[in-house]
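J.: Pasting the sequence and the predicted model now:
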Amino acid sequence: MTEFEKIYQDYFHDVYLYIRRLSADEHIAEEITSEAFFKAMGSISRFRGDCDIRVWLCQIAKNCYYTYLKKAKKTEPVDIVELSELPSKESSAEEQCMRREEAARIRTILHHIPEPYKEVFMWRVFAELSFKQIGQIFGKSENWACVTYHRAKTMLKSRLEDKTYEK
């Protein structure tokens, strides 16, 4: 087994889950994850080891996903509906509709949170990276990542509480 095959076996599932959460579509996640590993294979010699290889692979996958979104002319990169708890069969149609409306509002708000807050929030929530790993991605400290994440969360929460916030 080559070194890259070991990397593929060790990290494919993590990268797939990350993209699955971003895309909310298993077929897109499979396609993007495969593309990301293909790109990683071509550039593995340039991997400097400054961060965890999983972080590097997820970054490549995220970039592939954003490229996919641009090509597909989609404007909202995250479907919070799929990330929230799926409605149970006992949920009424009205409850499901309210959840969808709230998820759409969360998506809109998240889309308009400024960088680096949005990206730090997404790495933490969707990729489930540690603050240390997030700090490494940005070349900052673990504390910076933690503070930035909590500020992003506060922005999201305050905009959710502001019923008049539309953008």
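T.: Sure, I can see it.

J.: Now the element after the lowest-mean-pLDDT helix or strand in the chain, going C-ward?
T.: The helix or strand of the chain with the poorest confidence is helix 80-83; it has a mean of 47 (mean pLDDT, DSSP states H and E). Remark: after helix 80-83, the chain's next helix or strand is helix 93-112, criterion DSSP states H and E.

J.: buried stuff in that next one?
T.: R99, A103, R105, I106, R107, I109, L110 (16 or more other C-beta atoms under 10 Å). Heads up, the C-betas are built off the backbone N, CA and C, glycines and all.

J.: number of nearby residues for the nearest residue to K153 once chain neighbours are set aside?
T.: Counting by C-beta to C-beta, 6 or more residues apart in numbering, K153 lies nearest to F121, which is 6.7 Å off, once chain neighbours are set aside. For F121, the neighbour count with other C-beta atoms under 10 Å is 22.

J.: got it, and the one 10 residues further on?
T.: Here the neighbour count serves as a burial measure; for F131 (other C-beta under 10 Å) it reads 21.

J.: all strands for this structure, in order.
T.: Counting by DSSP state E, the chain has no strands at all.

J.: wait, S23 sits on E30?
T.: No. With contact defined as C-beta atoms under 8 Å, S23 does not count as touching E30 (9.8 Å).

J.: pLDDT at L160, what is it?
T.: Turning to L160, the model gives it a pLDDT of 81.

J.: Touching, it and I106? I think so.
T.: Yes. Using C-beta under 8 Å, L160 makes contact with I106 at a distance of 6.8 Å.

J.: what residue ranges in this structure score low on pLDDT?
T.: For the chain, residues meeting the criterion pLDDT under 70 lie at 1, 73-94, 163-167.

J.: what about the helices in it?
T.: 3-23, 26-43, 53-72, 80-83, 93-112, 117-125, 131-138, 142-161 (DSSP state H).

J.: The closest residue to A61 other than its chain neighbours: how many residues sit nearby?
T.: In this structure, A61 finds its nearest non-sequential neighbour in A36, 3.7 Å apart by C-beta to C-beta, 6+ apart. Applying other C-beta under 10 Å, we find 25 residues neighbouring A36.
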